[in-house]
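When you get a sec, could you give me coordinates for this:
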Amino acid sequence: MPRGVKKGVNTKKFDRCVEKVKGKSGKKVNPYAVCNASLSGKSKKKKD
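All right, here's what the predicted structure looks like:
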């Protein structure tokens with residue numbers, strides 16, 4: 001299992017997400033935290 005993956009998260013999706021975040025943000029954010037939050041449904045959603 002890749003580094004930092006929570007239970008119930010698809011590892012293939014997680015790997016793709018980490019690569020995308022690393023490519024877009026560089027060292028500004030933690031890609032593992034971003035992907036865990038987005039794939040586990042715990043990210044904040046903007047209210048319109």
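
just checking, residue 40 touches residue 10?
No. Between residue 40 and residue 10 there is no contact, the gap being 10.6 Å when judged by Cβ atoms under 8 Å. Where C-beta positions appear, they are placed from N, C-alpha and C, glycine not excepted.

So for these two, which sits in the more crowded spot?
residue 40 (14 against 11; other Cβ atoms under 10 Å).

gap between that one and residue 17?
11 Å (Cβ to Cβ, to the nearest Å).

I'd assumed residue 19 was in contact with residue 35.
No. Judged on Cβ under 8 Å, residue 35 makes no contact with residue 19 at a distance of 9.6 Å.

Those two - which one has more neighbours?
residue 35 (25 against 12).

To which secondary structure element is the more buried one assigned?
According to DSSP states H and E, residue 35 maps onto helix 31-40.

And that helix, what's buried?
31, 32, 34, 35, 36, 39 (16 or more other Cβ atoms under 10 Å).

One more: stretch 15-31?
Neighbour-count burial for stretch 15-31 flags 17, 18, 21, 31 (criterion: 16+ other Cβ under 10 Å).

Dump these into a markdown table; add secondary structure and pLDDT as well.
Shown next, in a markdown table, are the buried residues of stretch 15-31 (DSSP: H, G, I helix; E, B strand; the rest coil; pLDDT from 0 to 100):
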| residue | secondary structure | pLDDT |
| --- | --- | --- |
| 17 | helix | 88 |
| 18 | helix | 87 |
| 21 | helix | 89 |
| 31 | helix | 86 |
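
about what we covered before: would you convert the buried residues of helix 31-40 into TSV that also reports distance to residue 25?
Formatted as TSV, the buried residues of helix 31-40 follow (distance: Cβ to Cβ, whole Å):
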residue	distance to residue 25
31	7
32	12
34	8
35	12
36	15
39	17
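
pLDDT weak spots in this protein?
1-8, 42-48 (pLDDT under 70).

try 50 this time
1 (pLDDT under 50).

who's in contact with the residue lying closest to residue 34 once chain neighbours are set aside?
If the residues on either side of it in the chain are set aside, residue 34 comes closest to residue 21, at 5.1 Å by Cβ to Cβ, 6 or more residues apart in numbering. By Cβ atoms under 8 Å, 6 or more residues apart in numbering, residue 21 lies in contact with 29, 31, 34, 35.
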